[in-house]
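Chemist: whatever this is, show me its structure:
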Amino acid sequence: MKTKLIAIASFFLIISACSSNKSTIQEPTTIAVKMNKDEAGKMLYENNCAKCHDLYSPKDFNAEQWKPIMLSMQKKAKISDEEREIIYAYLTK
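Modeler: Predicted coordinates:
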């Protein structure tokens, strides 16, 4: 009986030791906040927008033109409001 309990306890100890710690995994937004805002915006823009289409130069549109584009693309790219604002700041600097 003791052997079975020790084996079961050891099994769970090994499993828990091998599982990943979610607190060490950082979300892209968390990483982006730690970067320079321009670098973060560029990184988010390139990593999210280039998945589906060629990237536009930030100067291709003015700030007012980027607003509806960003709102529309946010849904398709599945980015947060915070990520959208970081990208928008990069595109309109």
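Chemist: how about the helices in this protein?
Modeler: In the chain, the helices defined using DSSP state H lie at 2-18, 28-34, 37-49, 63-77, 81-91.
Chemist: for the last one, enumerate the helices and strands it packs against.
Modeler: When you say that, I think you mean helix 81-91. Applying 3 or more C-beta pairs under 8 Å, 6 or more residues apart in numbering; DSSP states H and E, one finds that helix 81-91 contacts helix 28-34, helix 37-49, helix 63-77. Every C-beta, even on glycine, is put in place using the N, C-alpha and C of the backbone.
Chemist: need those in TSV with mean pLDDT and mean neighbour count, can you?
Modeler: What follows is the helices and strands packed on helix 81-91, written out as TSV (pLDDT from 0 to 100; neighbours: other C-beta atoms under 10 Å):
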stretch	mean pLDDT	mean neighbour count
helix 28-34	58	14
helix 37-49	91	17
helix 63-77	95	13
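Chemist: before we move on, back to that, which one, of the helices of the chain, ends up nearest to residue 57?
Modeler: helix 81-91 (9.2 Å; C-beta to C-beta).
Chemist: now that closest one: buried residues?
Modeler: By 16 or more other C-beta atoms under 10 Å, the buried positions in helix 81-91 come out as 83, 84, 86, 87, 88, 90, 91.
Chemist: can you give the contact residues for that helix?
Modeler: With C-beta atoms under 8 Å, 6 or more residues apart in numbering as the test, helix 81-91 has contacts from 28-29, 32, 37-38, 40-42, 44-45, 48-49, 58, 61, 66-67, 70-71, 74, 79.
Chemist: coming back round to it: adding pLDDT, write the buried residues of helix 81-91 out as a markdown table.
Modeler: Below are those laid out as a markdown table (pLDDT from 0 to 100):
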| residue | pLDDT |
| --- | --- |
| 83 | 94 |
| 84 | 95 |
| 86 | 94 |
| 87 | 95 |
| 88 | 95 |
| 90 | 94 |
| 91 | 95 |
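Chemist: export those to CSV and tack on distance to residue 6?
Modeler: CSV is the format used below for the buried residues of helix 81-91 (distance: C-beta to C-beta, whole Å):
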residue, distance to residue 6
83, 49
84, 53
86, 52
87, 54
88, 58
90, 57
91, 60
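Chemist: look up the closest residue to residue 52, ignoring the ones flanking it.
Modeler: Nearest non-adjacent residue to residue 52, counting by C-beta to C-beta, 6 or more residues apart in numbering: residue 76, 6.9 Å away.
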